[in-house]
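>>> sequence first, then the predicted structure, then my questions.
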Amino acid sequence: MREYYYFIAQLPSLVYGQKPPMSSAHFKSLAEDLLEDSDLKVMEYLSFNDPFSPEGSCAFVKNWRNWERALKLNLAKERAIKLKRAVPDGEIPFFPQEASITAVKAVDEKSPLDGEYLLDKARWTAIDEIAGRDYYSVNNIYAYYLKLLLLERRQGFNIEKGFADYKNLYAEILASAHHSSGETK
């Protein structure tokens, strides 16, 4: 595994919940100059959007995707239970206990935003665990990138817009339920 002392040593610290010191796009542009092509290519597989797509060949990416997949499957299961719906089938891979506990806590939060904060904090912790203790390894560069994505995601939360979207979606669901059951207003 390659070591990137110079690159990692120049990066500002990341603290969960604070404003990111740079954008993930800026970080990637720095990485383009300092990482070997094979390590840079791995960053394409790091995201929160699609943990069900192929993982690539890096152990860090596989472990991250498995953790995120387990979290999302557990969330689907817990949300189905809470809504008294059929529980989705599917094998839950890797870290099932941690992901399951996190999913239960997130679904029980008093607001969807608090649930998202809890999920992101759990992701942050998982990223640290997956990166390991070799501070100057490429895994910590990948971890840094994922953490920047998390911080950017958190910056994008807009309470007023989120609540308005939630109310609109809830109204649509109720209207759809009334329509499908043959009820009228």
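That came through, no problem.
>>> rest of the way, CA atoms for contacts and neighbours
Will do.
>>> Provide the secondary structure category for the residue nearest to the spatial centre of the chain.
Centroid-nearest residue in the chain: Phe48, 4.2 Å away (criterion: CA atoms, centre = their mean). In three-state terms, and counting by DSSP: H, G, I helix; E, B strand; the rest coil, Phe48 is coil.
>>> let me know whether it touches Glu68 as I believe.
Yes - taking CA atoms under 8 Å as the definition, Phe48 is a contact partner of Glu68 at 7.3 Å.
>>> where does the prediction get shaky in the chain?
1, 50-57, 90-96, 158, 162, 180-185 (pLDDT under 70).
>>> what is the longest helix of it by residue count?
helix 59-82 (DSSP state H).
>>> show the subsequent helix or strand relative to that helix.
helix 96-107 (DSSP states H and E).
>>> buried stuff in that next one?
Within helix 96-107, the residues that count as buried by 16 or more other CA atoms under 10 Å are 96, 99-100, 102-104, 106-107.
>>> any idea how far Val61 is from Lys105?
From Val61 across to Lys105, the span is 25 Å (CA to CA, to the nearest Å).
>>> same thing with Asn49?
Going from Asn49 to Lys105 by CA to CA gives 21 Å.
>>> equivalent analysis for Asn74, please.
As judged by CA to CA, Asn74 and Lys105 stand 11 Å apart.
>>> repeat that for Ala80.
Relative to Lys105, Ala80 is positioned 14 Å away (CA to CA).
>>> then Tyr16?
Taken as CA to CA, the span from Tyr16 to Lys105 is 19 Å.
>>> what do you get for Leu83?
15 Å.
>>> what backbone torsions are found at Asn139?
phi -60, psi -30 (degrees, to the nearest 10).
>>> what's the closest non-adjacent residue to it?
Distance criterion CA to CA, 6 or more residues apart in numbering; nearest residue to Asn139, sequence neighbours excluded, is Ala131 at 5.1 Å.
>>> Ser47 now?
Leu146 is the one closest to Ser47 (CA to CA, 6+ apart), at 6.9 Å.
>>> what is the subsequent helix or strand relative to the helix or strand hosting the one you found?
Using DSSP H and E, Leu146 falls within helix 138-155. Following helix 138-155 in sequence order, the next helix or strand is helix 159-180 (DSSP H and E).
>>> buried set for that following helix?
Buried, per 16+ other CA under 10 Å, within helix 159-180: nothing.
>>> alpha carbons of that helix, as PDB, please.
Extracted C-alpha coordinates of helix 159-180, given in PDB (Å, rounded to 0.1, in the frame of the first residue of the first chain):
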ATOM      1  CA  ILE A 159     -34.700  22.900   7.500                       C
ATOM      2  CA  GLU A 160     -37.400  25.200   6.000                       C
ATOM      3  CA  LYS A 161     -37.200  23.700   2.500                       C
ATOM      4  CA  GLY A 162     -37.000  20.100   4.000                       C
ATOM      5  CA  PHE A 163     -40.100  20.700   6.100                       C
ATOM      6  CA  ALA A 164     -42.000  22.100   3.200                       C
ATOM      7  CA  ASP A 165     -41.000  19.200   1.000                       C
ATOM      8  CA  TYR A 166     -42.000  16.800   3.700                       C
ATOM      9  CA  LYS A 167     -45.400  18.400   4.100                       C
ATOM     10  CA  ASN A 168     -46.000  18.300   0.300                       C
ATOM     11  CA  LEU A 169     -44.900  14.600   0.000                       C
ATOM     12  CA  TYR A 170     -47.100  13.700   3.000                       C
ATOM     13  CA  ALA A 171     -50.100  15.400   1.400                       C
ATOM     14  CA  GLU A 172     -49.400  13.600  -1.900                       C
ATOM     15  CA  ILE A 173     -49.200  10.200  -0.100                       C
ATOM     16  CA  LEU A 174     -52.500  10.900   1.700                       C
ATOM     17  CA  ALA A 175     -54.200  12.000  -1.500                       C
ATOM     18  CA  SER A 176     -52.900   8.900  -3.300                       C
ATOM     19  CA  ALA A 177     -54.200   6.700  -0.400                       C
ATOM     20  CA  HIS A 178     -57.600   8.300  -0.500                       C
ATOM     21  CA  HIS A 179     -57.700   8.100  -4.300                       C
ATOM     22  CA  SER A 180     -56.700   4.400  -4.400                       C
END
